[in-house]
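Participant: What follows is a predicted protein model with its sequence.
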Amino acid sequence: MTLLLGAGLWYVARTPQIAERRPDMTEPSSRMTLRQDWQQPVTGERVTLAFEGGVARLERGGRVSEVVQPPFDEAAVREDTRAQFQTWGWNPFELRILRDMAQAGTLRENGRPLRVEDLGFPARLWEELDAFERETGMKDPPTVPAEYRSTLTVHTDDGAFAGTLSSEDTPADSLLWHPTPPMQERFAELMAVMAENVQIAPSPAEMPFEEQGRELAREGFVRMSPRCPDGSLWLPPAPEEERERLEQWAWPVVRPVVVPGTPAPWDSKLGGVPYRPRGAAWPTQPSGSPLYFVAQIDLTAANAQGHLPELPRRGLLQLFVANSDASYEEMVADPERSNPVARVLYWPEVVQDEAALTREVPAFTDEFQAETFTPPERVLAFLNDREFPSGIDRRLEWLEETTPESGMTELHVNGHRLGGHAMLINAAFPPAEDWRLLFQFDGDDVGGQIYGEFGGLGGWIGFFIRAEDLARRDFSRVRVELDAF
């Protein structure tokens with residue numbers, strides 16, 4: 001089921017034609033041919049998942065299963081939507097959406113568009129709502145500062161609780177926080193009206209394909225680039241015709257994989273306490289504030305065979321990043337300055353003696369370090385692979401212009417990566433032709449590490465380095481890029 005809810009309704013209010021119904025609501029929403037290969041890093045088991053002609057096909061352990069998206073039942077989905085909306089209590093987020101829909105003419109009751117004055121609330125309520133928005137910076141998706149708390153039920157799209165002003169901190173005559181019983185009754189009526197106006201569309205035909213992929217990830221499988229029988233990288237039908245031109249971008253990549261275990265101080269890991277010899281300084285921003293530890297990579301384990309020829313085959317790479325808007329503003333203002341937001345340390349020789357190391361960490365001023373890495377340390381193993389760039393990579397603009405649904409974006413694998421091509425969300429990378437992706441940390445809900453507000457699909461941190469600097473083993477001018485939905 002695809003619903004435009006919560007933050008999505010804000011978009012519908014401004015763009016009512018966003019979810020036009022197709023004449024045939026059961027036809028496949030994607031005519032692309034899709035394929036994914038998955039590998040279990042511990043057992044080595046491999047699984048192939050494909051989607052073609054509206055059918056998802058799973059090949060595993062010599063057995064083949066096929067799944068087709070069931071017919072779309074709009075009436076049942078509408079009833080489920082109505083029931084869901086009726087569970088939502090009075091809150092400023094839906095009030096704002098109701099008003100926006102009324103202003104846009106997309107909130108209709110019995111075929112008649114409702115105006116703001118038809119909602120039946122006093123003008124003072126809207127004045128309070130406007131004041132609250134200015135005070136909190138309430139935005140999509142709705143976020144409220146932590147100091148706001150209440151027993152009022154406030155929902156977000158993922159069902160999480162979002163706090164509001166506590167009753168003891170609000171005026172007794174506040175309509176926003178102390179609505180009268182008639183106002184709450186009218187709100188419930190309007191929730192039913194909103195449910196009738198939500199634009200509902202059938203789930204994409206490839207939904208079973210995507211759900212099976214998520215299930216494999218939960219089982220600990222790692223997605224790899226799909227291969228042809230001869231071992232070459234698989235391509236969708238349209239890009240296959242351009243294989244000769246695309247082969248120049250089939251770059252090697254190493255996929256870091258979270259595995260069970262407890263890392264030694266010098267092992268590869270995400271988060272936790274980095275390897276640091278006694279007397280070595282913790283990396284800081286120009287202001288003196290400590291940077292946050294992201295990961296360290298034991299290149300003896302990750303690149304001993306030279307799968308990534310540009311990287312060293314031994315030593316330890318460590319990656320640190322800032323968590324300050326001011327720092328990123330400095331980077332944008334002067335991108336050539338010395339690393340205001342990121343540092344990469346390279347230890348060519350590693351001392352495997354805990355007595356010679358320190359586990360002391362700086363006193364951080366916020367909870368970013370703990371919140372980003374929970375649990376705090378995860379052991380990494382590595383799988384060698386190759387990959388093409390994403391379809392929205394600027395180097396493939398020529399292909400997307402001639403074949404808009406090439407399937408290259410869907411082909412590109414999410415996840416942590418060493419080398420290879422950056423996973424893209426909004427922006428086009430690399431920053432320039434002479435930059436290479438060194439390491440990308442991708443939010444990993446399954447593994448427990450998240451970056452960005454929405455976790456695994458919400459944000460990533462990419463560390464880029466100039467090819468000439470990498471050849472000199474000079475990691476002092478690394479550039480960091482952050483991207484998120």
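Facilitator: All right, it came through fine.

Participant: Doesn't residue 67 belong to a strand?
Facilitator: Yes: the assignment for residue 67 (DSSP: H, G, I helix; E, B strand; the rest coil) places it in a strand.

Participant: quick one: it from residue 49, how far?
Facilitator: Look at residue 67 and residue 49: by Cβ to Cβ, to the nearest Å, they are 10 Å apart. In this view, the C-beta of every residue, glycine as well, is placed from N, C-alpha and C.

Participant: residues near the nearest residue to residue 348 once chain neighbours are set aside, how many?
Facilitator: Among residues not flanking residue 348 along the chain, residue 315 sits closest, at 4.3 Å (Cβ to Cβ, 6 or more residues apart in numbering). Residues near residue 315, counting by other Cβ atoms under 10 Å, number 17.

Participant: next one: residue 215
Facilitator: Residues near residue 215, counting by other Cβ under 10 Å: 12.

Participant: Which one's more surrounded, residue 67 and residue 49?
Facilitator: It is residue 49, of residue 67 and residue 49, that has more neighbours when counted by other Cβ under 10 Å, with 24 against 15.

Participant: Verify the contact between that one and residue 214 for me.
Facilitator: No: judged on Cβ atoms under 8 Å, residue 49 makes no contact with residue 214 at a distance of 10.7 Å.

Participant: so who does the residue nearest to residue 348 touch?
Facilitator: 299, 300, 346, 347, 348, 349, 350 (Cβ atoms under 8 Å, 6 or more residues apart in numbering).

Participant: Could you single out the nearest of these to residue 401?
Facilitator: residue 299 (38.7 Å; Cβ to Cβ).

Participant: I'd say the closest one and residue 307 touch.
Facilitator: No: counting by Cβ under 8 Å, residue 299 sits too far from residue 307 to count as a contact (10.8 Å).

Participant: which of the two has more neighbours?
Facilitator: residue 299 (23 against 19).

Participant: quick one, what contacts that one?
Facilitator: Here residue 299 is in contact with 311, 312, 313, 314, 315, 316, 317 (Cβ under 8 Å, 6+ apart).

Participant: possible to save the residues you listed as a markdown table with distance to residue 398, pLDDT and secondary structure?
Facilitator: Formatted as a markdown table, these follow (distance: Cβ to Cβ, whole Å; pLDDT from 0 to 100; DSSP: H, G, I helix; E, B strand; the rest coil):
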| residue | distance to residue 398 | pLDDT | secondary structure |
| --- | --- | --- | --- |
| 311 | 29 | 96 | coil |
| 312 | 34 | 95 | coil |
| 313 | 35 | 96 | coil |
| 314 | 39 | 96 | coil |
| 315 | 38 | 96 | coil |
| 316 | 39 | 97 | strand |
| 317 | 34 | 97 | strand |
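
Participant: Quick one, which of those residues are buried?
Facilitator: Buried members of the contacts of residue 299, scored by 16 or more other Cβ atoms under 10 Å, are 311, 312, 315, 316, 317.

Participant: hang on, the second one packs against residue 346?
Facilitator: In other words, residue 312. Yes: with contact defined as Cβ under 8 Å, residue 312 counts as touching residue 346 (7.4 Å).

Participant: Over to residue 85. Which of the three states is it?
Facilitator: Going by three-state DSSP: residue 85 is helix.

Participant: so what sits against both of residue 312 and residue 346?
Facilitator: Common neighbours of residue 312 and residue 346 (Cβ under 8 Å, 6+ apart) are residue 473.

Participant: buried residues in the longest helix belonging to the chain?
Facilitator: For the chain, the helix with the greatest residue count under DSSP state H is helix 181-197. Across helix 181-197, burial judged by 16+ other Cβ under 10 Å covers 183, 186, 187, 190, 191, 193, 194, 195, 197.

Participant: And the fourth one, what's its pLDDT?
Facilitator: Read it as residue 190. Note for residue 190: predicted pLDDT of 94.

Participant: do residue 63 as well
Facilitator: So residue 63 comes in at 95 (pLDDT).

Participant: burial count for it?
Facilitator: Residue 63 sits with 7 neighbouring residues when counted by other Cβ under 10 Å.

Participant: repeat for residue 410
Facilitator: Residue 410 has 20 neighbours, counted by other Cβ under 10 Å.

Participant: worst-scoring helix or strand of this structure, pLDDT-wise?
Facilitator: None of the helices or strands of the chain scores lower by mean pLDDT, DSSP states H and E than helix 7-14, at a mean of 27.

Participant: Many thanks, have a good one.
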